[in-house]
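Engineer: sequence-free structure coming up:
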Ligand code: SAH
């Protein structure tokens, strides 16, 4: 874990709160048996349903870019293993997370219980639509690649909110940060290039 935290710091993840949240989150709880011993390497790993648990550096970078506050209500799209969700939950008041695979969602829920993270609310559904009943959110994070600007999600963001998402149709996407100007407009910054699995329409038919 020490070595992983040093690697993250060397790459620019320097926010003490973000580093502490990563330190407190045992990544080996979120990785499949086959890859357990690689849990503290700085790499993405395969999980069930053909999906991936994100690289710790990217989790750190995206969490830092979200500029969380302890009172924030956060929407996350793409629960996956739940690792990023758990990191977000340590830095915000409430995390709403949406996943389109029921199996992944159930496994993630069990992990949140084990870690006694009681401020996470899960939903099985198409995250591309956001969670209108709970909107607006202070922060939104998308952990699957949106093919174009996520307009539905931007409408569910508070006027001074922040949304971080990988955007692009190909295997390499741009990690984008949208920041509200408080008057209904948004500025957009491109942070770096990333490789995420695609944000797909609808829910998965498989379990
Ligand atoms: N943050 C996760 C990353 C998982 S990969 C982790 O660290 O483990 C991206 C996830 O987004 C996958 O689980 C995939 O099933 C999910 N996903 C893709 N499209 C989606 C959609 N439209 N709605 C909800 N989840 C979606």
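Structural biologist: Structure's in. What do you need? These numbers come from a predicted model, not from an experiment.

Engineer: contact partners for the residue sitting furthest away from the middle of the chain?
Structural biologist: No residue in the chain sits farther from the centre than residue 183, which is 26.1 Å out by Cα atoms, centre = their mean. Applying Cβ atoms under 8 Å, 6 or more residues apart in numbering, we find residue 183 in contact with residue 159. From N, CA and C alone the C-beta is placed, and that goes for glycine too.

Engineer: okay, and it sits in which element?
Structural biologist: Residue 183 belongs to no helix or strand when assigned by DSSP states H and E.

Engineer: do the same with the one 10 residues further on
Structural biologist: Per DSSP H and E, residue 193 falls inside strand 186-194.

Engineer: partners of that strand, with directions?
Structural biologist: Each strand pairing with strand 186-194, determined using DSSP bridges, is listed with its direction: strand 173-180 (antiparallel).

Engineer: what's the following helix or strand after the longest helix belonging to the chain?
Structural biologist: Of all the segments assigned as helix in the chain under DSSP state H, the longest by residue count is helix 102-114. Proceeding N to C from helix 102-114, the next assigned helix or strand is strand 120-124, under DSSP H and E.

Engineer: so what touches that next one?
Structural biologist: For strand 120-124, contacts defined as Cβ under 8 Å, 6+ apart pick out 79, 85-86, 89, 94-100, 102, 105, 108-109, 112, 131, 134, 203.

Engineer: ok, 10 Å please
Structural biologist: The set of residues that contact strand 120-124 without belonging to it, under Cβ atoms under 10 Å, 6 or more residues apart in numbering, is 73-76, 79, 82, 85-86, 88-89, 92, 94-102, 104-106, 108-109, 111-113, 131, 133-134, 203-204.

Engineer: so which of those residues reach the ligand?
Structural biologist: When contact is defined as Cβ under 6 Å from any ligand atom, the contacts of strand 120-124 meet the ligand at 98-101, 104.
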